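> Attaching a predicted model along with its sequence, questions to come.
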Amino acid sequence: MWFSEEATPSQLSSYSSDIAKYISQSLSDEDRFCLLTDYYTPSSDFSFPGTVFHKKNRRFQKKWLESFKWLVYSPSVDGAFCRCCALFAKGDNLGRFVTAPYKNWNNATTDMGVHQTLKYHTEAMKSADDFTSIMKEEKMDIKCQLDSNAEKQILINRQVLTSVMKTVLFCGKQGLALRGDNDDGVLKEENHSNFNELLKFRIGSVDEVLEKHLATCKPNATYVSKTAQNNVTNITGEQIRDSILSKVENARHFSLLADEATDSGNWEQLAVVLRFVDDKEEVH
Ligand SMILES: [Zn+2]
């Protein structure tokens, strides 16, 4: 156990990658990866605190970080660590550089040279290398997965936009008004605008049967001729009329309006309007 004597509180608050804060703690792989690859490095104008050794003031030298690639400086304890040993070394009596900060600036280069010949240091360096490689590969895997998911989503979005654009173009080509009472948000069952109904139609009809029929049918049996369209219109009209008549027959009150006019072809046209009140007293 050690305590910081040199660094000021204002310095401490800004050092988030200071390894001394993580010694002897159980760390996640992500934390270890950060400490190995994004460790604290003193800025060029950093003022290392001095310590008196045999009447001479000594301090940490930044050039040591160049000479010993495993070395990191901790500003919170004014001490040096081997970041590989601190995170990966195994065994008892590990001591300075590993579980405690190294502070003997009077004999630093010699001690650092000795540290890097130790067996547990060599093993820790290899473990750190292997660990970093694995973590980098995993990060690449995750990035590839994210890229692949993003590509799939872009394709889906394009397909959706194609459907919407085809529907808009269809209405325009046919002179159909697009807007309903409330076109905001998702499709609503009660919104019967041309646009909404066409979209519902697309959703409900992945019509492979019709597609195959039109590709293979005989010219006199397409079922989409003007005669067929008229037949469908008439049958639908009859069914709607029967449905309305049955409601009128059950209505408590109804009225019948009829008016006659001559069209531009000199044909008499008779318009018939029925109004009735249903069981819920709603007027139709
Ligand atoms: Zn080491």
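Yep, it's here. Everything quoted here is computed from the prediction, not taken from an experiment.
> same question for stretch 273-284, mean pLDDT?
Confidence over stretch 273-284, taken as the mean pLDDT, stands at 88.
> ditto for stretch 34-47
Along stretch 34-47, the predicted confidence averages to a pLDDT of 89.
> which of the residues in that stretch are buried?
Counting neighbours by 16 or more other C-beta atoms under 10 Å, one finds that the buried residues in stretch 34-47 are 34-36, 39-40. Any C-beta I mention is one placed from the backbone N, CA and C, and that applies to glycine too.
> Tabulate these (a markdown table), appending secondary structure and distance to the ion.
Output for the buried residues of stretch 34-47, formatted as a markdown table (DSSP: H, G, I helix; E, B strand; the rest coil; distance: C-beta to the ion, whole Å):
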| residue | secondary structure | distance to the ion |
| --- | --- | --- |
| Cys34 | helix | 18 |
| Leu35 | helix | 14 |
| Leu36 | helix | 12 |
| Tyr39 | coil | 13 |
| Tyr40 | coil | 17 |
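> residues from this structure in reach of the ion?
The chain has residues 82, 85, 121 near the ion, with proximity defined as C-beta under 5 Å from the ion.
> now the helices: where do they sit in the stretch 51-200 of the chain?
Listed in chain order, the helices of the stretch 51-200 of the chain (DSSP state H, counting those that start in this stretch) span 63-67, 83-88, 108-115, 119-174, 194-204.
> Kindly compare burial across the ones you listed and name the winner.
Comparing the helices of the stretch 51-200 of the chain by mean neighbour count (mean count of other C-beta atoms under 10 Å), helix 83-88 ranks first with a mean of 25.
> helices or strands up against it?
For helix 83-88, the contact count by 3 or more C-beta pairs under 8 Å, 6 or more residues apart in numbering; DSSP states H and E identifies helix 29-37, helix 119-174 as packing neighbours.
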